[in-house]
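Asks: test case, fold it:
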Amino acid sequence: MDNLNNKLGILLTQILLGRKYRSDEDRDVKIQYSILLLIDKVEKYLIILGLFSILGHVDIAIITGLTIELTRNYLGGIHMKTWYGCTAVTVLFYIVVLACGENIILSSKLQNSLWVSEIVVIALFAPIPSKQRPKYNQHRKNMIKARGIAGVLIIGAVSLGVKSYNNYIVWIWLLQIIEVMILKLSSLIKRNKKGVTMRDAEEG
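Replies: Here you go, the predicted structure:
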């Protein structure tokens, strides 16, 4: 599936550009990356909507999807190596939000803290680097941060009118924050290991 999506992404990029795809061209890479994201999203949403329609919770799938679109796309997160792994983790994320949102009600104080924490995490860490995401200059990074924070504020405004979904939304914030902390801890451990390896090599 990964190879098929990649080939389709290159084909659509070539159609848009009107020429052959060049992997060494920054513009080509960014366009293909955007197209791959779109293809990936369509595939996942079809699977999730099908599953949640069976479970009778299409509304939760839509709320979760909108919240992710307005925040996680700018923040970033853990990326699996294969389409199947990524799809499985995405579906699991939705199911955890549904299960926790229904069965574990967070206090108002904790909910408010998570809203603030989500904004802080986006301001500090967005966009999280990954092999799939192109490199951005500082201006572009600041724009991404601003859009992510705006997404949180939009969701906040909507949730004031639809308070029944608040607990689901803050569980999304909590899971995203945990995901970022895992990524940052993993990155720190890798840097420390690399530093130790380099020192050992120098001493040897």
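Asks: I60: neighbouring residues, count only.
Replies: Neighbour count for I60, taken as other CB atoms under 10 Å: 19. Placement of C-beta: from N, CA and C, glycine included.
Asks: need the residues that contact whichever helix or strand it is part of.
Replies: Assigned by DSSP states H and E, I60 belongs to helix 58-75. Residues from elsewhere that reach helix 58-75 (CB atoms under 8 Å, 6 or more residues apart in numbering): 37, 45, 48-49, 51-52, 93-94, 97-98, 101, 118, 121-122, 125-128, 144-145, 147-148, 150-152, 154-155, 165, 168-169, 172, 176, 180.
Asks: show me what the helix or strand hosting V120 is packed up against.
Replies: For V120, the host element (DSSP H and E) is helix 108-125. If you count contacts as 3 or more CB pairs under 8 Å, 6 or more residues apart in numbering; DSSP states H and E, helix 108-125 packs onto helix 58-75, helix 138-161, helix 166-203.
Asks: buried stuff in it?
Replies: By neighbour count on 16 or more other CB atoms under 10 Å, the buried set for helix 108-125 is Q111, L114, W115, S117, E118, I119, V121, I122, F125.
Asks: quick one: low-confidence ranges for the protein?
Replies: The model of the chain has pLDDT under 70 over residues 1-2, 132, 134, 194-204.
Asks: still on that earlier bit, nearest to G85 among the buried residues of helix 108-125?
Replies: F125 (22.8 Å; CB to CB).
Asks: next, the contact list for that closest one, please.
Replies: Counted by CB under 8 Å, 6+ apart, F125 has contacts L75, G76, V180, K184.
Asks: tally of neighbours for the second one?
Replies: This means G76. Count around G76 with other CB under 10 Å applied: 22.
Asks: SS state for the closest residue to it other than its chain neighbours?
Replies: Distances taken as CB to CB, 6 or more residues apart in numbering place I128 nearest to G76, at 3.3 Å, with adjacent residues excluded. At I128 the chain is in coil, as set by DSSP: H, G, I helix; E, B strand; the rest coil.
Asks: show me the contacts for I128.
Replies: I128 sits in contact with L75, G76, G77, V180, L183, where contact means CB under 8 Å, 6+ apart.
Asks: look up how far A157 lies from the second one.
Replies: According to CB to CB, to the nearest Å, G76 stands 24 Å off from A157.
Asks: ditto for the last one
Replies: Note on L183: its distance to A157, by CB to CB, is 28 Å.
Asks: name the residue in the two with the higher neighbour count.
Replies: Neighbours per residue (other CB under 10 Å) separate L183 from A157, with L183 holding more: 18 against 9.
Asks: in what helix or strand does the closest residue in space to L36 that isn't next to it in sequence lie?
Replies: Spatial nearest neighbour of L36, excluding adjacent residues (CB to CB, 6+ apart): G9 at 4.4 Å. Element membership for G9 (DSSP H and E) is helix 2-17.
Asks: coming back round to it: and the residue nearest to L36, how far from Q32?
Replies: Distance from G9 to Q32, by CB to CB: 5 Å.
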